[in-house]
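In: Fold the following.
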Amino acid sequence: METITTNGEPETAPAFELDLETVSAEERQGCGEFFLGRANKTPERYMRIRNHMVQQWEAIRPQYLTKIGARAELRNCGDVNAIGRVHAFLEASNIINSGAVIRIRQQQQQQQAVQRKRRTVSPPTTDDLAGGAVIEHHVVERWADDAHSESSSADEDGMEKRRGRRRQQRHRRIRRRRSSADYSDGGGGGGGSDKGEYAQWTSANGGNSEFRLVPCHTFGGDMPAPFAVTVAAAALALMDLHAHLMYTEIIGLLGGRFDAAKGALHIETAFPCRNISSSTTECEMDPESEYEARKAFDAAGQSFVGWYHSHPTFDAIPSVRDTHNQRVYQDLFRSADRDAEPFVGLIVSPPGAHNADPAAYGVSDISAFHMVGSSSSNNSSSSSNNSASDIPFAVPYTVCSSDRIPSGLVGAMEELIHTHATMAHRVDLSKRFRRNEAMTTLEKLVISMRSHWDADARQQWDDAVSLHVRPLIQKHFRR
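Out: The predicted structure is shown next:
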């Protein structure tokens with residue numbers, strides 16, 4: 001049954017009948033972490049969180065109840081991520097936020113993202129990255145013009161003057177902070193002039209520590225990889241397309257299978273998710289989209305084995321917030337009979353700035369990482385306070401291709417393009433990949449997606465792109 005709310009939006013009936021005094025079978029299945037006999041996650045705590053959210057929603061409806069609003073006045077009920085998952089479950093089940101007003105909040109987030117100033121800084125040295133030091137975001141040159149230039153004046157002289165003023169301001173900050181900038185290589189890394197360059201670079205790019213990048217350590221020697229990883233070429237191609245469509249961050253989930261006998265994790269499916277809000281440095285997944293992904297994985301006989309997101313203007317290196325989210329996921333899916341949970345995070349960087357191989361020019365950087373060390377349950381719930389013993393490790397993976405394109409891939413790509421075709425921050429793919437170059441971003445995208453396939457499948461892939469993908473992109477992603 002469907003009713004109409006006061007704001008004119010349809011309100012869908014709840015997925016199950018809610019009783020505030022008991023817990024239903026659907027709730028035990030959807031929020032199973034509270035029913036595993038854990039001391040810090042009990043059924044009573046779940047009921048307290050659930051009832052509080054339902055009461056909050058009833059008090060403000062039809063306004064949208066955010067995760068932050070749902071946590072208001074909720075004390076000693078576990079970490080914020082567990083509370084967020086209860087919020088996601090209740091929302092996906094239409095217990096809360098059914099027919100809520102969310103457009104106003106989305107528009108406000110988009111306006112804030114447009115107003116953010118773009119910063120360009122000198123890149124870190126190779127020794128800096130090898131040292132494992134926590135570094136600030138490396139903002140690389142945009143693949144096309146400035147991420148929000150489509151909303152600014154077309155007056156090139158005025159834009160150049162503004163860029164000049166920003167460069168002067170940045171240089172003044174560097175000079176002021178040079179004397180107080182300390183260099184720490186985190187146990188490795190360069191020397192000499194590289195240290196001064198790194199100190200200047202980090203000083204000029206100050207900001208919230210949540211968004212600092214944390215270069216990954218590598219497995220090997222006394223620290224072997226806990227499991228092998230393969231990623232289907234179809235999943236990589238869909239992630240690559242998703243990341244190229246938006247100037248802001250995108251996010252999605254990964255489905256697959258884990259072969260415990262062989263210690264192998266097979267990532268087979270990428271499921272692009274919708275965002276509630278997004279900018280060039282962060283995004284928040286739509287809980288209903290996450291619920292849809294889980295249903296799709298179950299229907300395919302797959303498990304939830306990872307997540308992915310994009311870094312549209314910097315390297316494919318996890319931030320402090322990324323490492324915290326990855327640790328939370330690993331804790332959620334932890335099993336007592338395993339030393340490490342087979343769950344990985346993938347990062348897609350469309351600029352591909354650090355591809356050293358000239359043959360890989362235009363190919364996106366797609367990295368995978370896994371957290372090794374202490375559980376987040378022993379750490380602060382704040383994502384800016386990672387434990388020193390809980391560090392990200394780069395996970396090498398093998399691309400699993402075939403001589404045929406999966407039957408549903410082209411349809412998934414078409415749906416993805418249509419979904420983003422009217423979004424405010426969609427990319428103008430007709431623009432140049434980099435300044436002073438002839439290659440367009442669309443041509444770069446085609447090159448990057450093609451690189452994931454073996455030679456036997458490339459002709460079929462080229463035909464599919466020419467007939468289905470390229471025409472849609474040219475129609476919807478040109479300004």
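
In: Point out where the stretch 201-350 of the chain drops to low pLDDT.
Out: Regions of the stretch 201-350 of the chain meeting the criterion pLDDT under 70 cover residues 201-209, 280, 335-339.

In: Show me where it has its helices.
Out: 233-244, 287-299, 320-332 (DSSP state H, counting those that start in this stretch).

In: Identify whichever of those helices lies nearest to E437.
Out: helix 233-244 (16.5 Å; CB to CB). Yep, even glycine has a C-beta here, placed from its N, CA and C like the rest.

In: contacts for that closest one?
Out: Contacts of helix 233-244 from elsewhere in the structure, counted by CB atoms under 8 Å, 6 or more residues apart in numbering, are 250, 252, 254, 267-270, 272, 308, 310, 312, 346, 348-350, 364, 366, 399-402, 405-406, 409, 412-413, 416-417, 427, 429, 441, 445, 448-449, 452-454, 457, 461, 469.

In: go with 6 Å
Out: Residues outside helix 233-244 that contact it (CB atoms under 6 Å, 6 or more residues apart in numbering): 250, 267, 269-270, 272, 308, 310, 348, 350, 364, 399, 401, 406, 409, 413, 445, 448-449, 452-453.

In: These, buried ones only, as a PyMOL selection?
Out: For the buried members of those, the matching PyMOL selection, counting by 16 or more other CB atoms under 10 Å, is:
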select buried, resi 250+267+269+270+272+308+310+348+350+364+401+406+409+413+445+448+449+452+453
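
In: on that earlier part again, need the helices of the stretch 201-350 of the chain in TSV with distance to A72 and mean neighbour count, can you?
Out: Output for these, formatted as TSV (distance: least, CB to CB, whole Å; neighbours: other CB atoms under 10 Å):
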stretch	distance to A72	mean neighbour count
helix 233-244	33	25
helix 287-299	18	17
helix 320-332	21	21
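
In: Go through these and name the closest to M53.
Out: Nearest of the helices of the stretch 201-350 of the chain (CB to CB): helix 287-299, 12.0 Å.

In: hmm, who's touching the closest one?
Out: Under CB under 6 Å, 6+ apart, the answer for helix 287-299 is 88, 91-92, 253, 255, 271, 273-274, 304.

In: Which of the contacts of helix 233-244 fall within strands?
Out: Assigned to strands by DSSP state E, the following of these qualify: 267, 269-270, 272, 308, 310, 348, 399.

In: L429 contacts F477, doesn't it?
Out: Yes: applying CB atoms under 6 Å, one finds L429 in contact with F477, separated by 4.3 Å.

In: can you pull the contacts of F227?
Out: 263, 265, 342.

In: These, buried ones only, as a PyMOL selection?
Out: A single PyMOL command is used to select the members of the contacts of F227 judged buried by 16+ other CB under 10 Å:
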select buried, resi 265+342
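
In: Adding distance to P43 as columns, could you present the contacts of F227 in TSV?
Out: Converted to TSV, these look like this (distance: CB to CB, whole Å):
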residue	distance to P43
G263	35
L265	32
P342	28
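
In: and of the contacts of F227, the nearest to V395?
Out: L265 (8.9 Å).

In: Give me the nearest residue to that closest one, chain neighbours excluded.
Out: P342 (4.4 Å; CB to CB, 6 or more residues apart in numbering).

In: picking up where we left off before, looking at the contacts of helix 287-299, which are in strands?
Out: Per DSSP E, the contacts of helix 287-299 map to strands at 253, 255, 271, 273, 304.

In: tell me which of those is nearest to T230?
Out: G255 (13.5 Å).

In: wait, what's in contact with the closest one?
Out: Contacts of G255 by CB under 6 Å, 6+ apart are 269, 297, 302.

In: and the residues you listed as JSON lines, adding distance to Y291?
Out: Output for those, formatted as JSON lines (distance: CB to CB, whole Å):
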{"residue": "T269", "distance to Y291": "16"}
{"residue": "F297", "distance to Y291": "11"}
{"residue": "Q302", "distance to Y291": "15"}
